[in-house]
Structures are given as structure tokens and as C-alpha cells.
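> Build me a model:
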Amino acid sequence: MPYIINNYNGQQLAIVQDGTVNNTTDIKLVGKNYAGFGEIINENFVHLLESFAGATRPPRPVTGQLWYDSANRVIKFYDGNRFRIAGGAEIGPNAPVGLATGDLWWETDGEQLYVFNGTEFILVGPVASGGEGVSQLTSAVVKDLSANDRTILKVTVNDQVLSVIAKDEFTLNSTVNPIPGFSAIKKGFNLASNVTIPGIRYWGSAENADNLGGIPAAQYVLNSGLQSFADQVKFLGDEGLTVGAGEDIKIHVTNGDNGNLTNQVGSILNFRVNTGAGSAIVAKFDNANFLPNNDNQGSIGTTAVKWGNIFAYNMTIDGGDQLTGNVVGDVEGNLTGNVTGNVTGNVTATTGTSTFNNLTVTGNLVANVTGTSATAQKLIVDGTTAREASTGLVNNDIVARDANGDINFNIGNGTATNAAALGGATPSTSADAGTIAQRDGNKDITARKFLGTATAAEFADLAEIYASDEEYEPGTVLIFGGEAEVTTTSVFCDHRVAGVVSTNPAYLMNSTAKGVAVALRGRVPCKVQGPINKGDLLFTSPIPGVAVGLAKDSAMPSSVCVIGKSLESISNSEIKLIEIVV
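Numbering: from 1, shown residues only. A predicted model of the protein is given here:
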């Protein structure tokens, strides 16, 4: 007859047939007349005594059954749904389910303890979490550069220190106790370096800050609207300030203490004054001259307030006005009116009539005197005796041209400033029209064009001027493009390659244009990043303005990308200025 097995509350648990063993539960239920039942009964007692000890849960538990979890070394009981900790905390990487209010859970990945409040798990501690990264607010004692102990608070999120709070200012000893992103620690709240953690900022509203000096934001200049200032405004950097939508006018300092007002875009710089009915231009600078706004308008100085000296190469006076005072230097043009005083230098009247009351020359009269004196037949040239002009060979007379325009004399002493043998041309070191080419202090000759055949050149490359978007130093690799005609590139093997900025071109085309001289052919110094071997082909590189050779086993690019060939070798990856052939 089978056994009917009921649990404590009277509910039927199992039916055990005669002579069989029932495995409904984790202890074996023995039927009537089963041979060997003693071993089974004894094992059942042992299993109950050890509470089914093992690393895995019993597979067929009943409500109230105990189990010793040997893996975590805790006693658990079966509540009808799951085994729960009888004492201590649930252990595992994932939040357990089915816990009662007050139950604990030790999260193994983060190594943190949680308590279940009936709805969710609340962190008990520690504040730091492990796993993918540590996040915590901790105090620490660090060393400064003088080996002094400094107490700080560190704010750590996902293993990175985002902020340091310090009571005093000091420099961190990064060798003894490095904190990435921190070096000079300031008193108060410090954020990590933007280099270490890009984009780190303090977000929120600050009531005041040292950067604003405690001044309300309403008193600061904005990038829109009209601003006015009651106090002095200072720009302490030499770069100064710029004005205009295109940064047209710049007020700045050069060479440490030289003030400049620079017109960076246009070619006219106007000076305006208040006329009472508005503003008007009274004077202006163009790219070469200082001019009045209108012809014959305004004066330099007044009869009451005069300038001390005027230094100039040429002086032209129109309108019949008088020139009063001392004139030192050459006067070219017609001089109409009375000359009172000493004249030192050349007196030449090529047109019109020169009228002299008295012409007194102290010293030597150097040059020819041409023209007609309407009021005097003689000139005082030695301070005492009036001399007549004569076309003949008369002793002590002034030499005059005859009807043919010739001068008769026996011996000429002095310096001739003009001669028919030179065609009336004077020597000049500049490329002036109608002058004789004269060597300068370096023994060089300057000319606009040279017509003939050159058999040699001092330098080694053929270059041409191209407009550039900025100034580039010699040896810089350029391409066609940018805001002007040429610029730099960061593209490897750029097919727009133009050439290399020339150091000393042997022949410079388009020489009067504005821009940089780009070497198109010949030998020229060039910025090159190694390694490179003599004879290797050169191309543009990701480093702007620098050439590079092909890597080993690289495919050969199109020939339109080639800058030239290297004449030197570089064994490492440094950037050097070496000779190449373009």
C-alpha cells in the first residue's frame, strides 16, 4: 500500500509506491519494503544536518528548507519562490528580485552595499563605485614642491579627477603624487585642465567672479549695441584694437613703444574735424602722400604759430605767394620777385625772367647761371667787385655763352655738373630714366630692364611672384589656392602644388608684384620631414608648408603632385631645411 506524504500544513506532497524511492524533494522518500532503505535514511539525515551544503542550490526545495551556500558561506532559506539569505546580504553582480524591505545586497562588480526599501535599492556605501570606473568625493593629503603636506578634496567621476578643492594655494609635486590635469592648485575650487579633459567647464550661475572684478555685467562691452564709458579704458597688449567690419583700422604698438594707426584695408586715411554743422575731412593720407581734402585748402602752421624747420627734397609754391625766410638746398623752377640775401648753390632759370636787385654769392659759385637780369648788368661774385659777363676770353669777367650757346675759356678748374660728351645725362645709382647707370656702395648696378645676354647667375632658381594669403618664410611649400593665389596645404600629395618659397632667386619674374617669390625651377632650400634619401621624390604632407617623401612600398602618385627631388638625406623624422631640385 503506498505512502501518502503531506507537508507540515497538511498539503499532499508526494505518493510513494511500495518498494520504490521517491525524488520529489531533495531528501529521498522511501516506500514500504524497499531494500537498502537504511543507507537512504542515513544520507537524508546527513543532508539535513549539513543543510544541503553546496555551491549550487538544491534542485527540488520545499518552503522553509535550509541551504548552506558554500560558495558565499551563508545560510539561505526557501520562501516558496527563491532561496533568500537567512542572515547577511545577497551577493552578486545584478540586483536580486523578491527581497523584503530591509534586505541587503552586496553588488560584487562595484563592491558596494545596498538596502531594499520595498521599492528600490538604496546605496549604503562605500560612496566610491568600482566596475567600469570609480566615482567618489574623497579627501587626500598630497605633497607640494617643498615636500609640505597639503590636504585637498578630490571629485572623481569614472576614474578621472574632475575637480580639486583646496584651502591654500600651492604647486602640486607631480613626481611624488601626480593628479592628471592639475599642477598649480589655487585656493578654492579648481577644475581639471582643458587639455586633459577637453570641454570641461563650470556650468551654472555665479553671483560674482574675480575675472569680472565684481563689476555688474551691464557695465561690460557687448558684441552688439552702443557702449559708453565714464572711466579710462586701457588695452595693455601691443596688438591694441581694430575698428571696422573688415578690421580696417588698427591702433597698436610695434617695437615695444612705437604707436601706430594703421589702415589695413583701404588706401586712404582721413582726418575729420567738427565744423559746427557736422564733420568734414580736412586732410588725408593716401598710400604715398599727405594731402588736403580739397585743392588750395588749409595751411601748415599760421602767422602766429609756425613750424621750426621744413626738410624736403622739392618745394613748389603756386599762386604768386611769397617765400619768406632762409632756403637751404636747390630751388628748381622759376623764381619771380626780389632776392635779398646770400645765395649759395646753383641758380638756373631755364624759362621766364629772373629779376635780381643784388645777387651776392659768398664762397664759390658752382654751376652755370643762365637767364637775364633785368635790373643789373653786373654780379658781385667775390664780395667786393661787380663783374660783367663776357663771351670772350677777358680776364676777371664772368663767362657768358655766345650766340651759339658755347662758352670760351682756356683752362677749366673745378667740377663739371654737365657735359655735352655725356649727352646731358647725370649718373644715378637708381633706375631713373635719362641717367647714367652708376655702381652703388656694393658695386651693384640697378636697372629696370637688362637687354643683353647673361653668362652666369649668382643664385640657383627661377622664381615668380604670386599673391599669398599671408607672409611665408623661405623654404615653405605652397599650393595654388586659398584667399589669394597661393597658400599652404595639409593634404598629402596635393595635385595643386605650386612650388617652394625662394630664398635667393637667380631670376625673379613679375618682380614688381606684391606677394612671395615661388621657386618654379632649379635648386632651392625646402622644409622637409625625414626620413628621406638623396634623390627621393618629394610631395606635400599633412604638415602645412613641409614636404615629405614616399613611405616604403607606397604606390607612386601622379607626376603632377611631385615638388622635386631631394639633394640631401635625413635619417630620422625631424623637419629640416635642405637643398632640393624643383
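> Can I get stretch 270-285 as PDB, trimmed to CA atoms?
In PDB, the C-alpha atoms belonging to stretch 270-285 read as follows (Å, rounded to 0.1, in the frame of the first residue of the first chain):
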ATOM      1  CA  ASN A 270      41.100 110.600 -43.500                       C
ATOM      2  CA  PHE A 271      41.300 113.200 -40.700                       C
ATOM      3  CA  ARG A 272      37.900 114.700 -39.800                       C
ATOM      4  CA  VAL A 273      37.000 117.700 -37.500                       C
ATOM      5  CA  ASN A 274      33.800 119.100 -36.200                       C
ATOM      6  CA  THR A 275      32.700 122.100 -38.300                       C
ATOM      7  CA  GLY A 276      29.800 123.000 -36.100                       C
ATOM      8  CA  ALA A 277      27.300 121.700 -38.600                       C
ATOM      9  CA  GLY A 278      28.800 118.200 -38.800                       C
ATOM     10  CA  SER A 279      32.100 116.700 -39.600                       C
ATOM     11  CA  ALA A 280      34.300 117.300 -42.600                       C
ATOM     12  CA  ILE A 281      37.500 115.900 -43.900                       C
ATOM     13  CA  VAL A 282      40.400 118.500 -43.700                       C
ATOM     14  CA  ALA A 283      43.300 116.300 -44.600                       C
ATOM     15  CA  LYS A 284      44.100 112.700 -45.600                       C
ATOM     16  CA  PHE A 285      46.900 110.200 -46.300                       C
END
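> Name the spans of the stretch 251-400 of the chain whose pLDDT lies under the cut-off.
Within the stretch 251-400 of the chain, the ranges that satisfy pLDDT under 70 run 315, 317-386.
> how about a cut-off of 90?
Scanning the stretch 251-400 of the chain for pLDDT under 90 picks out 256, 261-267, 269-271, 275-278, 280-282, 284-288, 290-291, 293-303, 307-400.
> how about the strands of it, start to end?
In the stretch 251-400 of the chain, the strands defined using DSSP state E, counting those that start in this stretch lie at 258-263, 269-274, 279-285, 290-292, 378-380, 386-390, 398-399.
> Quick one: distance of the first one to the chain centre.
Same thing as strand 258-263. 22 Å (CA atoms, centre = their mean, to the nearest Å).
> before we move on, what about the second one?
The chain centre lies 34 Å from the centre of strand 269-274; the measure is CA atoms, centre = their mean.
> now it against strand 279-285, angle please.
Relative orientation of strand 269-274 versus strand 279-285 (axes from the mean of the first three to the mean of the last three CA atoms, to 10 degrees): 150 degrees.
> Run through the neighbouring helices and strands of strand 269-274.
Contacts defined by 3 or more CB pairs under 8 Å, 6 or more residues apart in numbering; DSSP states H and E place strand 269-274 against strand 279-285. No exception for glycine: its C-beta is placed from N, CA and C like everyone else's.
> hang on, the earlier thing: quick one: which of the strands of the stretch 251-400 of the chain is nearest Gly38?
Taking CB to CB, strand 258-263 is the member of the strands of the stretch 251-400 of the chain nearest to Gly38, at 112.7 Å.
> just checking, what's the longest strand in the protein?
Determined from DSSP state E, the single longest strand within the chain is strand 516-529.
> For it, give the mean pLDDT please.
The predicted model gives strand 516-529 an average pLDDT of 95.
> Give me the sheet partners of it and which way each runs.
Strand 516-529 pairs in its sheet with strand 461-466 (antiparallel), strand 497-501 (antiparallel), strand 547-548 (parallel), strand 575-581 (antiparallel), by DSSP bridges.
> Make CSV from those and add mean neighbour count and mean pLDDT to it.
Listed next are these as CSV, based on neighbours: other CB atoms under 10 Å; pLDDT from 0 to 100:
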stretch, mean neighbour count, mean pLDDT
strand 461-466, 22, 93
strand 497-501, 25, 95
strand 547-548, 25, 95
strand 575-581, 18, 95
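> can you count the residues close to Pro2?
Using other CB atoms under 10 Å, Pro2 has 13 neighbouring residues.
> My error: substitute Gly240 in the last question.
For Gly240, using other CB under 10 Å, the count is 16.
> partner residues bridging the nearest residue to it once chain neighbours are set aside?
Spatially, and ignoring its direct neighbours in sequence, Gly240 is nearest to His252 (3.5 Å; CB to CB, 6 or more residues apart in numbering). Taking DSSP bridges, one obtains Asn260 as the residues bridged to His252.
> Would you enumerate the residues in contact with His252?
His252 makes contact with Asp238, Glu239, Gly240, Leu241, Asn260, Thr262, according to CB atoms under 8 Å, 6 or more residues apart in numbering.
> Just the buried residues of those.
Gly240 (16 or more other CB atoms under 10 Å).
> list the contacts for the residue most central in space within the chain?
The centre of the chain sits closest to Glu470, judged by CA atoms, centre = their mean, with a distance of 12.6 Å. Neighbour list for Glu470: Thr487 [criterion: CB under 8 Å, 6+ apart].
> how far away is it from Lys250?
Noted for Glu470: a distance of 16 Å to Lys250, by CB to CB, to the nearest Å.
> Name the helix or strand for the residue nearest to the centre of the chain, please.
Using DSSP states H and E, Glu470 maps to neither a helix nor a strand.
> can I assume Glu43 sits in a helix?
Yes: if the criterion is DSSP: H, G, I helix; E, B strand; the rest coil, then Glu43 is within a helix.
> Mind putting the strands paired with strand 516-529 into a markdown table with distance to Ala35?
Output for these, formatted as a markdown table (distance: least, CB to CB, whole Å):
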| stretch | distance to Ala35 |
| --- | --- |
| strand 461-466 | 110 |
| strand 497-501 | 100 |
| strand 547-548 | 92 |
| strand 575-581 | 95 |
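> Which one, of these, ends up nearest to Thr151?
Closest of these to Thr151 is strand 575-581, at 46.6 Å (criterion: CB to CB).
> Turn the strands of the stretch 251-400 of the chain into CSV, including distance to Ile4.
Listed next are the strands of the stretch 251-400 of the chain as CSV, based on distance: least, CB to CB, whole Å:
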stretch, distance to Ile4
strand 258-263, 110
strand 269-274, 116
strand 279-285, 118
strand 290-292, 126
strand 378-380, 163
strand 386-390, 166
strand 398-399, 164
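> right, and the ones you listed - which one's nearest Thr540?
Taking CB to CB, strand 258-263 is the member of those nearest to Thr540, at 33.6 Å.
> what does that closest one contact?
Contacts for strand 258-263 (CB under 8 Å, 6+ apart): Asp248, Ile249, Lys250, Ile251, His252, Val253, Thr254, Leu269, Phe285.
> Just give me the closest of these to Trp106.
His252 (67.4 Å).
> want to try CSV for the contacts of strand 258-263, with distance to Glu120 as columns?
As requested, the contacts of strand 258-263 are arranged in CSV below (distance: CB to CB, whole Å):
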residue, distance to Glu120
Asp248, 65
Ile249, 66
Lys250, 64
Ile251, 65
His252, 64
Val253, 66
Thr254, 68
Leu269, 74
Phe285, 78
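> Drop anything exposed from these.
The neighbour count (16+ other CB under 10 Å) marks Ile249, Lys250, His252, Leu269 as buried among these.
> Count the residues that sit near the residue nearest to Thr488 when sequence neighbours are not counted.
The shortest distance from Thr488 to any non-neighbouring residue, by CB to CB, 6+ apart, is to Pro544 (3.8 Å). By other CB under 10 Å, 17 other residues sit near Pro544.
> Is Pro544 located within a strand, as I assumed?
No: per three-state DSSP, Pro544 lies outside any strand segment and is coil.
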